[in-house]
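Asker: Quick one: sequence and predicted model below, then my questions.
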Amino acid sequence: MDFSQEAIKIVEEAKQCGVVIRILGAVAFRLHSPTFSWIHTKLNRTLSDLDFVAYNKYASEIVKLFEKFGYNLKKSLAIYEAKRYTFYSKDKTYVADVFFDELNMCHKINFRGRLEVDYPTIPLAELLLEKLQIVNFTEKDAIDVIMLLREHKLEDSDNDCINWNYIAELLADDWGFYYTVTTNLNRLKDFFIEHINKSNVLSDNDIKDLNNKIAQLLEKIDKEPKSMKWKMRAKIGAKKRWYQEVESK
């Protein structure tokens, strides 16, 4: 199963029908990192499912679109999860999840007005945050982030760059989100890069570039002026749970 081609096929068909839907998850990381996709390959990062996000106003069109390609909506879940539809593939060997308007996991990422920024995936800033918002950040998540950071520049733009200004402004209003993201960036720098590179997949230049970008992004996030809400929550710190508990997909 070529998950990348399948995802592109669905997004392109949606585009022809005037439906806005974008790819996220590991497939999106690979599609948006063509030069450094070898990192996925050499570290045996396999793809196992499909993830998308669309605007809720297209929910009925999304069901018709997936049914056209042989997918079946898991209706029992659709009743209880208005913000997410899960479709089974025709042979039931994998699922395709479609989130509507937002990704509401450990922290909430709002996609309203942002899906048109990139194609066929979500914007790079949100793609990076999709992984860094995970409290139980794993080696698989770290591999995706390493590949994305190695491929792209950090700039105040969404044009094939990771918009670090967008990230810094978002985190400056939400201490919990800030804490999870900066904790994961520090874990990436202090543990995961060395741990993942036990097999010497990454060159010295790769590691230098990654560490520089992580340090620059942390500095950018810390220098952004924080809201009063952020400052008040920061006084409590991690003594109180700062994230939403979610079940694994």
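Answerer: Yep, that arrived. Numbering: from 1, shown residues only.
Asker: Not counting its own residues, what contacts the biggest helix by length in the chain?
Answerer: Assignment by DSSP state H gives helix 204-223 as the longest helix of the chain. Contacts of helix 204-223 from elsewhere in the structure, counted by Cβ atoms under 8 Å, 6 or more residues apart in numbering, are 146, 149-150, 154, 162, 164-165, 167-168, 171-172, 178, 181-182, 185-186, 188-189, 193, 197, 202. For every residue, glycine as well, the C-beta is placed using N, CA and C.
Asker: gap between that helix and the chain center?
Answerer: 19 Å (Cα atoms, centre = their mean, to the nearest Å).
Asker: thinking residue 125 is in contact with residue 166, fair?
Answerer: Yes. Contact status for residue 125 versus residue 166: in contact at 4.6 Å, counting by Cβ atoms under 8 Å.
Asker: Same drill for these two, tell me which one is more crowded.
Answerer: residue 125 (24 against 19; other Cβ atoms under 10 Å).
Asker: now the angle from the helix or strand hosting the more buried one to helix 204-223?
Answerer: Residue 125 is part of helix 124-132, with elements assigned from DSSP states H and E. Using axes from the mean of the first three to the mean of the last three Cα atoms, to 10 degrees, one finds that helix 124-132 and helix 204-223 are set 90 degrees apart in direction.
Asker: Does anything pack onto helix 124-132? Which helices or strands?
Answerer: Helices and strands touching helix 124-132, by 3 or more Cβ pairs under 8 Å, 6 or more residues apart in numbering; DSSP states H and E, are strand 21-24, helix 25-31, strand 108-110, helix 139-151, strand 162-163, helix 164-171, helix 175-187.
Asker: May I see the buried residues of the third one?
Answerer: In terms of neighbour count (16 or more other Cβ atoms under 10 Å), strand 108-110 has its buried residues at residue 109.
Asker: and for that strand, what are the contacting residues?
Answerer: Contacts for strand 108-110 (Cβ under 8 Å, 6+ apart): 101-103, 126, 129-130, 133, 244.
Asker: same thing but 6 Å
Answerer: Strand 108-110 has contacts (Cβ atoms under 6 Å, 6 or more residues apart in numbering) with 102-103, 126, 129.
Asker: Now the element after the helix or strand bottoming out on mean pLDDT in the chain, going C-ward?
Answerer: When the helices and strands of the chain are scored by mean pLDDT, DSSP states H and E, helix 75-80 comes last with a mean of 60. Heading C-terminal from helix 75-80, the first helix or strand you meet, by DSSP H and E, is strand 84-88.
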